[in-house]
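J.: Below are the sequence and a predicted model; questions follow.
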Amino acid sequence: MAMIKRPFVIGNWKMNLTLVRGIEFAKLLKDSLHGKDGIMCGVCPPFIFLKEICKILEDSNVCVAAQNIHSEKYGAYTGEVSALMIKEVGCTHVLIGHSERRHIFHEDDSFINAKIKTALSVNLKPIFCVGEMLDEREAGRTKDVIRNQLVRGLRDVRADQLKEIVIAYEPVWAIGTGKTALPEQADEVHSFIRNTITNEYDKNLAKSIYILYGGSVKPENAKELTDQSEIDGLLVGGASILFESFLKIIEVVSKG
Ligand code: PGA
């Protein structure tokens with residue numbers, strides 16, 4: 001990881017925890033990170049918890065991200081939640097293009113691109129997820145898949161807007177499977193992502209942008225992943241649900 005960057009560790013609770021446990025978690029996290037500036041940290045609670053969790057974390061160094069938004073700012077979209085709404089309750093970030101959204105809910109690159117642009121238009125920072133499936137990796141298509149997801153997802157996003165985006169590389173075969181990418185394997189794709197950003201935008205921007213790794217991150221492998229030169233932080237799913245394991249991950253990757 002580049003020396004100047006503080007690691008960014010964000011926990012995606014997915015459709016887990018209860019409001020009571022989420023509140024308890026947020027309070028513990030706020031207290032544990034008080035005064036610690038060697039790390040940036042965040043959580044992605046379910047929509048219905050966001051208001052409460054944002055309230056607890058508003059004067060803390062822990063940011064709150066929603067797990068999803070719709071691409072429209074308002075309108076007749078029964079069951080959906082807009083960027084404006086999550087911004088209003090205090091979120092600063094939003095996950096966009098998570099593999100579970102892509103594969104279970106069939107979200108395509110153009111929908112993801114529309115969501116990214118909407119998030120940016122209301123000053124929400126997208127955490128833009130990309131990643132290949134196992135058959136794509138085995139067919140030697142990882143780089144093509146990642147390049148397409150990046151280029152299509154970022155269509156019409158300007159350089160000054162890209163600065164606000166965090167990219168997360170999450171190989172689909174490593175999510176929730178216990179199979180982590182080898183640190184060197186992940187680093188190679190991170191480096192490819194940075195090169196793609198260099199080609200599409202410029203080198204300094206590519207250097208400064210945060211690229212997180214996600215996929216079966218746990219306390220035991222967190223450090224070796226963030227020790228890689230191109231890995232700026234972690235997007236943690238399963239191991240972010242238990243406060244103790246999430247805190248352990250934060251501790252092992254923290255820079256002081
Ligand atoms: P996992 O999930 O850590 O449980 O593999 C990661 C993610 O989906 O972001």
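T.: Received, thanks. Numbers count the residues shown, from 1 in each chain.

J.: what's the distance between A186 and the ligand?
T.: 13 Å (Cβ to the nearest ligand atom, to the nearest Å). Every C-beta, even on glycine, is put in place using the N, C-alpha and C of the backbone.

J.: Count the neighbours of that residue for me.
T.: 24 (other Cβ atoms under 10 Å).

J.: what does V172 give?
T.: Look at V172: counted by other Cβ under 10 Å, it has 22 neighbours.

J.: Next one: it from L134, what distance?
T.: V172 sits 7 Å away from L134, going by Cβ to Cβ, to the nearest Å.

J.: repeat for E107
T.: Counting by Cβ to Cβ, the gap between E107 and L134 amounts to 19 Å.

J.: which of those two has more neighbours?
T.: Using other Cβ under 10 Å, the more surrounded residue of E107 and L134 is E107, with 19 against 13.

J.: Give me the pLDDT value at the closest residue to T226 other than its chain neighbours.
T.: Closest residue in space to T226, ignoring its immediate chain neighbours: V253 at 4.5 Å, by Cβ to Cβ, 6 or more residues apart in numbering. For V253, the pLDDT comes out at 95.

J.: Touching, V253 and M40? I think so.
T.: No: the pair V253 / M40 is not scored as a contact, 10.7 Å apart, by Cβ atoms under 8 Å.

J.: Give me the common contacts of those two.
T.: P7, V9, G233 (Cβ atoms under 8 Å, 6 or more residues apart in numbering).

J.: Can you tell me how far the residue nearest to F49 when sequence neighbours are not counted is from L28?
T.: Sequence neighbours aside, G22 is the residue nearest to F49 in space, at 4.7 Å (criterion: Cβ to Cβ, 6+ apart). Here the criterion is Cβ to Cβ. By it, G22 lies 11 Å from L28.

J.: neighbour count winner among those two?
T.: G22 (22 against 14).

J.: my read is the more buried one is in a helix, agree?
T.: Yes: membership of G22 in a helix is supported by DSSP: H, G, I helix; E, B strand; the rest coil.
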